[in-house]
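>>> take this sequence and fold it.
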Amino acid sequence: MELQDPKMNGALPVGAAGCRQEREGFLSSHGPAPVRKPTQFMDSEGKTSFGMSVFNLSNAIMGSGILGLAYAMAHTGVLFFLALLLCIALLSSYSIHLLLTCAGVVGIRAYEQLGQRALGPVGKVVVAMVICLHNVGAMSSYLFIIKSELPLVIGTFLGMDPEGDWFLKGNFLIIIVSVFIILPLALMRHLGYLGYTSGLSLTCMLFFLISVIYMKFKIECAVVHNETTVDSQSPSAPPIQGLNRSCEARMFTVDSQMFYTVPIMAFAFVCHPEVLPIYTELCRPSKRRMQAVANVSIGAMFCMYGLTATFGYLTFYSSVEAEMLHMYSQDNLLILVVRLAVLLAVTLTVPVVLFPIRRALQQLLFPSKAFSWPRHVVIALIILVLVNVLVICVPTIRDIFGVIGSTSAPSLIFILPSVFYLRIVPSEVEPLCSWPKIQALCFGALGVLFMAVSLGFMFANWATGQSHVSGH
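The predicted structure follows:
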């Protein structure tokens, strides 16, 4: 398989050139400057600091699925949940390692270009479409949260009925938020500029976590939910048994809902479309430095996810709902402020998710064009308009998200990075029978299995008419 890049020094084998690039890092400022390729729209000077890059990647990882993690723990058990969460975090870090290795070998830091190098023009189109589908689904899920929660928050603050006034309607509010908050942030030229808003978004979610921990010690096991459990039992069962079962933390649990909650945990670490754009803008970029950014971000989100799920579950136990905020009293001022913080965090995440979509479209439609402000603005406007129309016109988007998530998330985490690694890393560096490539092959096979299981249980869920949980 020929992997020589005509834009690189042809005197060296591809493997040697790739390894040299990984050691030196991209855009090295030391030594005589080699002949460089023409600057394209995706290139930047790499001015984003390590901390800002961590904020941006952490914000990309953190999604609306955090509200459903306590529900996931209720159907897997505390220890089983934490073990699964740790495994998924480690797999996500390994997946990013594969991406960065491939980028180091060929000197490319665009997901779509990696697809083209590995699979040709078809690979570039497939990668761009997967990124667009996944991130459009994520953006839509965030706007759905705004559509459902913001009217309640504003109505509570103003003492008004959110169903009675036109300016409190969810459809009207998401348009206002999109025009006056999301669009200006989405028009930033570089993703690194959003580091401050990402930091604010993470601060809001940290406040959410602290409030969940605080409320655990303020709320006793909810009797109103336990009465439902008791009433559903046979008359001969003592009420106290139902109470104990409902308010007892379980370490290991396996039930039918577990197969719907595991994908929530996997999708909670999807950040791969944002990895290479953040890498591009990282100050003093190198594979080791970007891997450190990824490890810190994934580790921080693992801690936040684990604590949120644990304390949320230990507050409501088996009665916890899929969206945990619905379990708290609507009259509680602290919870009202928490809802506002979550809305702010979700709103500030949308521009970060929009960047990879615009990047994918530019790679697909204008691969050799220099940066253009009119094109930059028009693409952002089109994306926001389409997502707003989707959220307004489709009342039950959950199943669509499920299909998108069950196909795009395994592709981004497992399948595409492993295919890139197998196809791009030359046999002179890693033979096909070497342990790293065997690992990558097994990793891709795991992604195919995960996709098949997710889609299988989703279709079975539709056939039986049961509801399920989704979220990024």
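
>>> contacts only, for L200.
Counting by Cβ atoms under 8 Å, 6 or more residues apart in numbering, L200 touches L344, L348. C-beta: built from backbone N, CA, C; applies to glycine.

>>> so which helix or strand takes in it?
For L200, the host element (DSSP states H and E) is helix 195-216.

>>> can you give me the buried ones in that helix?
Using 16 or more other Cβ atoms under 10 Å as the burial criterion, the residues of helix 195-216 that qualify are 195, 197-199, 201-202, 204-205, 207-209, 211-213, 215.

>>> where in this structure is pLDDT low?
1-45, 64, 162, 164, 222-246, 256-263, 395-402, 405, 465-472 (pLDDT under 70).

>>> ok, and what's touching stretch 291-299?
Residues from elsewhere that reach stretch 291-299 (Cβ under 8 Å, 6+ apart): 50, 53-54, 57-58, 61, 89, 92-93, 96-97, 100, 269, 271, 275, 278, 282.

>>> ok, 6 Å please
Contact partners of stretch 291-299, identified using Cβ atoms under 6 Å, 6 or more residues apart in numbering, comprise S53, V54, L57, S58, I61, A89, S92, S93, I96, L100.

>>> next, the angle from the helix or strand where the second one lies to helix 195-216.
Mapping V54 onto the secondary structure by DSSP H and E places it in helix 50-61. When axes from the mean of the first three to the mean of the last three Cα atoms, to 10 degrees is applied, the directions of helix 50-61 and helix 195-216 differ by 60 degrees.

>>> which elements pack onto helix 50-61?
Where contact means 3 or more Cβ pairs under 6 Å, 6 or more residues apart in numbering; DSSP states H and E, helix 50-61 is packed against helix 195-216, helix 272-280, helix 287-316, helix 333-365.

>>> so which of those helices gets nearest L82?
Closest approach to L82 among these (Cβ to Cβ): helix 287-316, 5.8 Å.

>>> ranking the helices and strands packed on helix 50-61 by burial, who's on top?
Most buried of the helices and strands packed on helix 50-61, by mean neighbour count (mean count of other Cβ atoms under 10 Å): helix 272-280, with a mean of 26.

>>> then stretch 423-434 to CSV, C-alphas only?
In CSV, the C-alpha atoms belonging to stretch 423-434 read as follows (Å, rounded to 0.1, in the frame of the first residue of the first chain):
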residue,chain,number,x,y,z
ARG,A,423,-4.8,1.8,6.9
ILE,A,424,-2.5,4.8,7.6
VAL,A,425,0.2,3.6,9.9
PRO,A,426,2.7,1.9,7.4
SER,A,427,3.7,-1.8,7.8
GLU,A,428,7.4,-0.6,8.1
VAL,A,429,6.5,1.0,11.4
GLU,A,430,3.8,-1.4,12.7
PRO,A,431,3.4,-4.8,10.9
LEU,A,432,-0.1,-6.0,10.4
CYS,A,433,0.4,-8.9,12.9
SER,A,434,1.9,-6.6,15.5
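
>>> gap between that stretch and the chain center?
From the chain centre to the centre of stretch 423-434 is a distance of 30 Å (Cα atoms, centre = their mean, to the nearest Å).

>>> what do you get for stretch 267-277?
Counting by Cα atoms, centre = their mean, stretch 267-277 is centred 6 Å from the centre of its parent chain.

>>> what's the end-to-end length of it?
End-to-end distance of stretch 267-277 (Cα to Cα, to the nearest Å): 20 Å.

>>> pull the residues that contact it.
Outside of stretch 267-277, the residues within contact range by Cβ under 6 Å, 6+ apart are 57, 60-61, 65, 88, 92, 96, 109-111, 131, 191, 356, 359, 405, 409, 412, 472.

>>> right, and the helix or strand after the strand or helix carrying I88?
In this structure, I88 sits in helix 78-106 according to DSSP H and E. Moving toward the C-terminus from helix 78-106, the next helix or strand (DSSP H and E) is helix 111-119.
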